[in-house]
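*Asks:* What follows is a protein structure lacking sequence information:
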């Protein structure tokens, strides 16, 4: 098997090397066909030793509250930018960062550029559903205001992603709306529905139709397309669910004897459910539409969560996600061109 190289922004996120280096160690231990480029300031990274890890020095760090302009124009030797430049230079097949989302998107777009036919990259990740699998949702925050054409592009890119994740060449796509009927929604959603139905008829997409918010967690479709504002709210809601269950178990165990007994009886079921919806197991969002693979980890990710982000980047590179996205986009090029505004 071909060795996969991932460039890791070790300085990004709320915790920096304290978390990223432990996650890198665990990832390397479990993936003998992977090697890592550890990008960051030499002093905090200098003690990490592994035969399949190489230090790549960067003198600056993009802060979580840095404006995009500062990250893009002033911090040209940041660990985030240097990691992405490794992908552009062909030294790595993917880059992973837990840093500032806006900065990561801006730098990745500037350094790697977008694929022909795609106006804006989108952030895509998986949310757990009751079927025991996951629903891929995009966009999750990169594009707060979207046109109908952008939503069509997201659907095409999401289909390519899920075809890799699920080994399914014809994943189903739903358009997030306030109702299933085609007359529901604002003008952007209605027009997006028309474009997606046309894509379904042409064979470019397997379009299911409109879906509602609860359908994400029901697993009604493999993919749900929405603008970044709505998608980010859905993501944060999902993340809060596991935390709520954990807090419930902790609280009930500390009450009187009757609630303790009830909690003990319910613990196996609730514990299994908590594990299923644990957002750390789904960490690692793909920035789709770029001429290179970039994955975004939660800024607050712990060791387990960041390791899962590394795994997602590894699987995407191993399964040629970038090539498959570009093939889908080329196939849908006439449709995308016809849909693009003048």
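*Replies:* Arrived safely, thanks for sending. The structure displayed is predicted, hence computed values, not measured ones.
*Asks:* Correct me if wrong, but residue 66 is in a strand.
*Replies:* No. Residue 66 is assigned coil when assessed by DSSP: H, G, I helix; E, B strand; the rest coil, not a strand.
*Asks:* Now it: phi and psi?
*Replies:* Backbone torsions for residue 66, taken as degrees, to the nearest 10, come to phi -70, psi 130.
*Asks:* Repeat that for the one 10 residues further on.
*Replies:* Backbone geometry at residue 76, expressed as degrees, to the nearest 10, gives phi -80, psi -10.
*Asks:* Tell me how many other residues surround it.
*Replies:* For residue 76, the number of neighbouring residues by other CB atoms under 10 Å comes to 14. Every residue, glycine included, has its C-beta placed from N, CA and C.
*Asks:* Which residue, other than its chain neighbours, is closest to it?
*Replies:* Excluding its sequence neighbours, the residue lying closest to residue 76 (CB to CB, 6 or more residues apart in numbering) is residue 60, at 7.8 Å.
*Asks:* Can you tell me the element residue 120 falls in?
*Replies:* Secondary structure from DSSP states H and E places residue 120 outside every helix and strand.
*Asks:* where does the closest residue to it other than its chain neighbours fall, helix, sheet strand or coil?
*Replies:* Counting by CB to CB, 6+ apart, the nearest residue to residue 120 once its immediate chain neighbours are dropped is residue 143, at 5.2 Å. Applying three-state DSSP to residue 143 yields a three-state assignment of coil.
*Asks:* next one: phi and psi at the residue nearest to residue 76?
*Replies:* phi -120, psi 160.
*Asks:* Show me where the stretch 151-300 of the chain has its helices.
*Replies:* For the stretch 151-300 of the chain, the helices defined by DSSP state H, counting those that start in this stretch occupy 187-202, 213-218, 228-253, 257-276.
*Asks:* Average pLDDT for the last one, rounded please.
*Replies:* By that I understand helix 257-276. Confidence over helix 257-276 (mean pLDDT, whole number) is 57.
*Asks:* likewise the third one?
*Replies:* For helix 228-253, mean pLDDT is 71.
*Asks:* and residue 130, how many neighbours?
*Replies:* Tallying neighbours of residue 130 according to other CB under 10 Å, which is how burial is gauged here, yields 11.
*Asks:* for the one 4 residues further on, same thing?
*Replies:* Summarising burial for residue 134: neighbours were counted as other CB under 10 Å, giving 21.
*Asks:* wouldn't residue 80 be in contact with residue 101 here?
*Replies:* No. Distance between residue 80 and residue 101: 10.9 Å, which falls outside the contact criterion (CB atoms under 8 Å).
*Asks:* neighbour-wise, which of the two wins?
*Replies:* Taking residue 80 and residue 101 together and counting by other CB under 10 Å, residue 80 has the greater number of neighbours (29 against 21).
*Asks:* in the protein, which spans are strands?
*Replies:* With strands called from DSSP state E, the chain shows them at 4-9, 34-40, 53-57, 94-97, 122-128, 134-138, 172-176, 206-211, 223-225, 285-288, 293-296.
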